[in-house]
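A.B. asks: Just a sequence and a predicted model for now, questions to come.
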Amino acid sequence: DSGVTQTPKHLITATGQRVTLRCSPRSGDLSVYWYQQSLDQGLQFLIQYYNGEERAKGNILERFSAQQFPDLHSELNLSSLELGDSALYFCASSVEVFLDNTEAFFGQGTRLTVV
Amino acid sequence: AQSVAQPEDQVNVAEGNPLTVKCTYSVSGNPYLFWYVQYPNRGLQFLLKYITGDNLVKGSYGFEAEFNKSQTSFHLKKPSALVSDSALYFCAVRDGDYGQNFVFGPGTRLSVLP
């Protein structure tokens, strides 16, 4: 168990809908990352937050947004869902913002299926 | 831009034999390299990393990796494979303005046959 908790584990929704994925980082970790894993794109970095502030953006669509709350949990919001958004969404957390100084711990992921 | 290649989609090895999972990288500046493993229905688990120092890095579960700067490679190795090592292995490089995220390779599926 990595200590990173993601809910829900599975989500099935229809095209055009909006969903929210939740991540609770390990105790003491200030940095949260979101990644998308799909068959065609592999593992892609979406966005990072550190202590409530956005620190980096990767290949995140404009239909997607995220935030990190004062208690450090994070939510990834996906809207106007398309079939191609079906993927496994991972959250990871680390103590610091720079990966060479710290280890990143990954949650078990939320599997999103858009039908 | 940083990139990672894993030239083999699948590696099969017999239990007890040594295993190697290959990774090559392309980075600007010093490479910061990582190996993660993904078991079915699980998240990614950290195995080891190379930041600086010895070219042979030892990690979790008996795995090690050899950094070779001239060949821009960071191959994952284990002297004696176990059936329980069967999983999806990802090589990654640090990326971003502050090294704050990973660029992952496409993954290599390792099957250890009893």
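C.D. replies: Thanks, I have the structure now.
A.B. asks: what separates the worst-scoring helix or strand of chain B on mean pLDDT from the chain centre, distance-wise?
C.D. replies: Ranked by mean pLDDT, DSSP states H and E, the weakest helix or strand in chain B is strand B:101-104, scoring a mean of 90. Centre-to-centre, strand B:101-104 and its host chain are 13 Å apart (CA atoms, centre = their mean, to the nearest Å).
A.B. asks: Could you do stretch B:24-31 as well?
C.D. replies: So, by CA atoms, centre = their mean, the centroid of stretch B:24-31 is 14 Å from its chain's centroid.
A.B. asks: what does chain A put close to chain B?
C.D. replies: Applying CB under 8 Å from any CB of the partner chain, one finds that chain A approaches chain B through A:2, A:4, A:31, A:33, A:35, A:42-43, A:45, A:48, A:50, A:55-56, A:58, A:90, A:92, A:97-100, A:103-109. Using the backbone N, CA and C atoms, a C-beta is placed for each residue, glycine as well.
A.B. asks: returning to what we had before: parallel or antiparallel, which strands does the least confident helix or strand of chain B pair with?
C.D. replies: Here strand B:101-104 has these sheet partners by DSSP bridges: strand B:87-95 (antiparallel).
A.B. asks: Any buried residues in the partner strand, and which?
C.D. replies: Neighbour-count burial for strand B:87-95, counted by 16 or more other CB atoms under 10 Å in any protein chain shown, picks out B:87, B:88, B:89, B:90, B:91, B:92, B:93, B:94, B:95.
A.B. asks: next one: stretch B:62-82
C.D. replies: For stretch B:62-82, by 16+ other CB under 10 Å, it's B:63, B:64, B:65, B:66, B:67, B:73, B:74, B:75, B:76, B:78, B:81.
A.B. asks: What of stretch A:29-45?
C.D. replies: Going by neighbour count (16+ other CB under 10 Å), the buried part of stretch A:29-45 is A:29-37, A:42-45.
A.B. asks: Just the C-alphas of that stretch, formatted as CSV.
C.D. replies: Provided in CSV are the C-alpha atoms of stretch A:29-45 (Å, rounded to 0.1, in the frame of the first residue of the first chain):
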residue,chain,number,x,y,z
ASP,A,29,3.3,14.8,1.1
LEU,A,30,2.8,18.3,-0.3
SER,A,31,3.1,17.6,-4.0
VAL,A,32,0.4,15.9,-6.0
TYR,A,33,0.6,14.7,-9.6
TRP,A,34,-2.0,13.4,-12.0
TYR,A,35,-1.2,11.0,-14.9
GLN,A,36,-3.3,9.4,-17.5
GLN,A,37,-2.6,5.9,-18.8
SER,A,38,-4.2,4.8,-22.0
LEU,A,39,-3.4,2.1,-24.5
ASP,A,40,-2.5,4.5,-27.3
GLN,A,41,-0.8,7.3,-25.4
GLY,A,42,0.9,5.4,-22.6
LEU,A,43,1.5,7.2,-19.3
GLN,A,44,1.1,10.9,-19.8
PHE,A,45,1.7,13.6,-17.2
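A.B. asks: Averaged pLDDT, that stretch. What do you get?
C.D. replies: For stretch A:29-45, mean pLDDT is 93.
A.B. asks: How far does it sit from its chain's centre?
C.D. replies: Relative to its parent chain, stretch A:29-45 has a centroid offset of 7 Å by CA atoms, centre = their mean.
A.B. asks: before we move on, back to that, just the ones of the buried residues of stretch A:29-45 in strands?
C.D. replies: Of the buried residues of stretch A:29-45, the ones assigned to strands by DSSP state E are A:31, A:32, A:33, A:34, A:35, A:36, A:37, A:42, A:43, A:44, A:45.
A.B. asks: Fine, thanks again, bye for now.
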